[in-house]
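Novice: okay, predicted coordinates and the sequence, questions at the end:
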Amino acid sequence: MPGLTAYVGLFEICSPKPGEYVFISAAFGAVGQLVELLKTRFGFDDAFNYKDEAGLYTTLKRLV
């Protein structure tokens with residue numbers, strides 16, 4: 001069920017289009033499991049773990 005929550009939230013409600021940026025915050029637990037697959041399975045350009053980054057602003061600037 002949590003995976004379905006993440007899927008519906010991202011693809012049905014958010015509906016990102018090519019060229020748009022999507023920032024998902026506080027992805028943790030079962031819902032966050034889907035976010036981890038963004039680069040490896042769903043073809044998103046990038047993703048990051050906030051625990052591994054120096055700061056949000058620096059990270060977003062680097063990725064955009």
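Specialist: Thanks, I have it. Not measured: the values here are computed from a predicted model. Residues are numbered from 1 along each chain as shown.
Novice: which residue ranges of this structure form strands?
Specialist: Using DSSP state E, no strands are assigned anywhere in the chain.
Novice: average pLDDT across stretch 5-25?
Specialist: Averaging pLDDT along stretch 5-25 gives 82.
Novice: give the buried residues for it.
Specialist: Residues 6, 10 are the ones in stretch 5-25 that count as buried (16 or more other C-beta atoms under 10 Å). (Glycine included, C-beta is placed from N, CA and C.)
Novice: same question for stretch 51-61.
Specialist: Within stretch 51-61, the residues that count as buried by 16+ other C-beta under 10 Å are Thr59.
Novice: what of stretch 43-53?
Specialist: Buried residues in stretch 43-53, counted by 16+ other C-beta under 10 Å: Ala47.
Novice: how far does it sit from its chain's centre?
Specialist: Stretch 43-53 sits 7 Å away from the centroid of its parent chain (C-alpha atoms, centre = their mean, to the nearest Å).
Novice: repeat that for stretch 52-64.
Specialist: Per C-alpha atoms, centre = their mean, the displacement of stretch 52-64 from the mean C-alpha position of its chain is 14 Å.
Novice: what's the answer for stretch 8-22, then?
Specialist: Computed by C-alpha atoms, centre = their mean, the chain-centroid distance of stretch 8-22 equals 10 Å.
Novice: check stretch 10-30 too.
Specialist: Remark: stretch 10-30 is offset 5 Å from the chain centroid, using C-alpha atoms, centre = their mean.
Novice: measure the residue lying closest to Pro16 once chain neighbours are set aside to Ile13 for me?
Specialist: Distance criterion C-beta to C-beta, 6 or more residues apart in numbering; nearest residue to Pro16, sequence neighbours excluded, is Val22 at 4.8 Å. Between Val22 and Ile13 the computed distance is 11 Å (C-beta to C-beta, to the nearest Å).
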